[in-house]
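Chemist: using only what follows, build the 3D model:
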Amino acid sequence: MSPRRAALLAGAATLVAAGCSTSVEGAASPASGAGAPLGDTRVADYEVGQLHEPGDVEYAESPPVGGPHAAAWADCTGSVYDVPIRPENAVHSLEHGAVWVTYDPALATADDVAALEQLVAGVSHRLLSPYEGLGSAISIQAWNHQLAVDSADDPRLAAFADQLTQDPENTPEPGATCENPAFLADPETA
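Modeler: Numbers count the residues shown, from 1 in each chain. Modelled structure (predicted):
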């Protein structure tokens with residue numbers, strides 16, 4: 001291996017390690033005070049630099065909003081999945097500044113799903129997937145933030161997505177890509 005290639009690989013390994021190097025336990029709690037992004041948004045306290053975990057992770061929230069995650073992120077280039085994706089991959093997308101919209105297939109209507117697809121499809125750093133057992137029809141997540149609603153008509157969904165997609169104050173890895181064509185073609189499922 002050439003010295004230049006070795007230096008590039010070492011540098012890349014350092015960046016990967018620096019991006020995900022510690023683990024913090026947490027659980028989302030209702031936001032309060034002047035800094036709360038939207039009413040009824042739950043806010044957690046996962047720090048930057050979470051570990052990459054090869055297996056399943058037990059999260060404090062469902063769907064999760066931060067913490068250890070898979071090394072590969074879920075494609076979040078306005079991606080609409082018709083299968084439940086692994087939370088570990090979605091959390092890595094959140095770390096990149098994505099907003100993950102989930103819906104409970106047992107509670108969300110066909111009109112809800114169609115409206116959610118319009119909110120996500122083709123918008124960089126957004127993804128949509130079914131997620132059973134939400135306790136509400138819809139839940140929307142960004143790093144350290146979560147909002148549950150009963151209908152896609154709720155105006156807080158679009159406000160949450162617009163405010164927290166690639167939000168520089170809440171994105172652990174701003175500017176990180178959301179492209180992962182291999183995941184999009186063959187998603188890892190929950």
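
Chemist: show me where the chain has its helices.
Modeler: In order along the chain, the chain carries the following helices (DSSP state H): 3-19, 87-95, 110-120, 155-164, 181-185.

Chemist: least confident of the ones you listed, on average?
Modeler: Lowest mean pLDDT within the helices of the chain: helix 3-19, a mean of 33.

Chemist: which stretches of the protein have low pLDDT?
Modeler: Per-residue confidence for the chain (pLDDT under 70) gives these ranges: 1-37.

Chemist: run through the strands of it in chain order.
Modeler: Counting by DSSP state E, the chain forms strands over residues 29-30, 42-43, 77-80, 99-103, 126-130, 138-142, 145-149, given from the N-terminal end onward.

Chemist: so can I have JSON lines of those strands showing distance to residue 176 and mean neighbour count?
Modeler: No exception for glycine: its C-beta is placed from N, CA and C like everyone else's. What follows is the strands of the chain, written out as JSON lines (distance: least, CB to CB, whole Å; neighbours: other CB atoms under 10 Å):
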{"stretch": "strand 29-30", "distance to residue 176": "27", "mean neighbour count": "10"}
{"stretch": "strand 42-43", "distance to residue 176": "22", "mean neighbour count": "18"}
{"stretch": "strand 77-80", "distance to residue 176": "12", "mean neighbour count": "20"}
{"stretch": "strand 99-103", "distance to residue 176": "14", "mean neighbour count": "27"}
{"stretch": "strand 126-130", "distance to residue 176": "14", "mean neighbour count": "25"}
{"stretch": "strand 138-142", "distance to residue 176": "14", "mean neighbour count": "27"}
{"stretch": "strand 145-149", "distance to residue 176": "18", "mean neighbour count": "22"}
